[in-house]
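1. return a 3D structure for these sequence lines:
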Amino acid sequence: MPETSIANALRRPRGPRRKSVAEAERALGHDTVGATEPNEIDTSYLESLLGYNARRTALAVIAVFLRRMEPYGMRPVDFSVLSVVAHNPGVTSRQICAALDILPPNLVGMVKSLHKRGLIVRRPHPTDRRAQGLHLSAAGQRLYRDAQSTASQLEQEVAGRLSAVELQTLIELLRKVYRR
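-> Just a heads-up that it's a prediction; the model follows:
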């Protein structure tokens, strides 16, 4: 995977980047007194916003996640679904949708894909004959065990600048924001 940010990877491709006036001036050896360097751009207002900081953090974590989970063929949402199934054998699709805030039509395709890959199996639900419980297959258990180990390692890697107490505080504060 080329070294590019997730945000940049999601943008439409563009032609070659043109030099800014300041870059052209520097290339010609002209003085650019008063020019603003890219690292001098004022983003202080953006950095005061929870959403901006949450998105920047998510992009940084997801970029590492995508690289490290590529060998498993897993996206963040696939890992989340497998994790819920692994820790809640027999869970229904409706319960997964509620727990992960996924729309049912979106989950149907994910479950179908995970089933097709041989990672989950459907079994009749013990108390609701209309529902099917989801379970990890033996292959799903092996893949999830390896992916969970990788996820734990990458979490330590991306949170390396935080102490254990800071990380726990951050997680608790983020949960306060998104939990209802």
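2. so the residue nearest the centre of the chain is in which element?
-> The residue lying closest to the centre of the chain (Cα atoms, centre = their mean) is residue 62, at 3.7 Å. Assigned by DSSP states H and E, residue 62 belongs to helix 50-69.
3. same deal with residue 84?
-> With DSSP H and E as criterion, residue 84 is part of helix 76-87.
4. quick check: buried residues in the helix holding residue 62?
-> 61-63, 65, 68-69 (16 or more other Cβ atoms under 10 Å). Yep, even glycine has a C-beta here, placed from its N, CA and C like the rest.
5. what of stretch 118-133?
-> For stretch 118-133, burial by neighbour count (16+ other Cβ under 10 Å) applies to 119-121, 131-133.
6. flag whichever of those scores worst on pLDDT.
-> The member of the buried residues of stretch 118-133 with the lowest pLDDT is residue 131, at 87.
7. ramachandran coordinates for it?
-> phi -100, psi 160 (degrees, to the nearest 10).
8. rewinding a little: I'd like the next helix or strand past the helix holding residue 84.
-> By DSSP H and E, the next helix or strand past helix 76-87 is helix 93-100.
9. show me what that following helix is packed up against.
-> Judged by 3 or more Cβ pairs under 8 Å, 6 or more residues apart in numbering; DSSP states H and E, the packing partners of helix 93-100 are helix 76-87, helix 104-116, strand 132-136.
10. hmm, back to that, by contact count, what packs against the helix holding residue 62?
-> helix 6-10, helix 76-87, helix 138-158, helix 164-178.
11. pass me the low-pLDDT residue ranges in the chain, would you?
-> 1-38 (pLDDT under 70).
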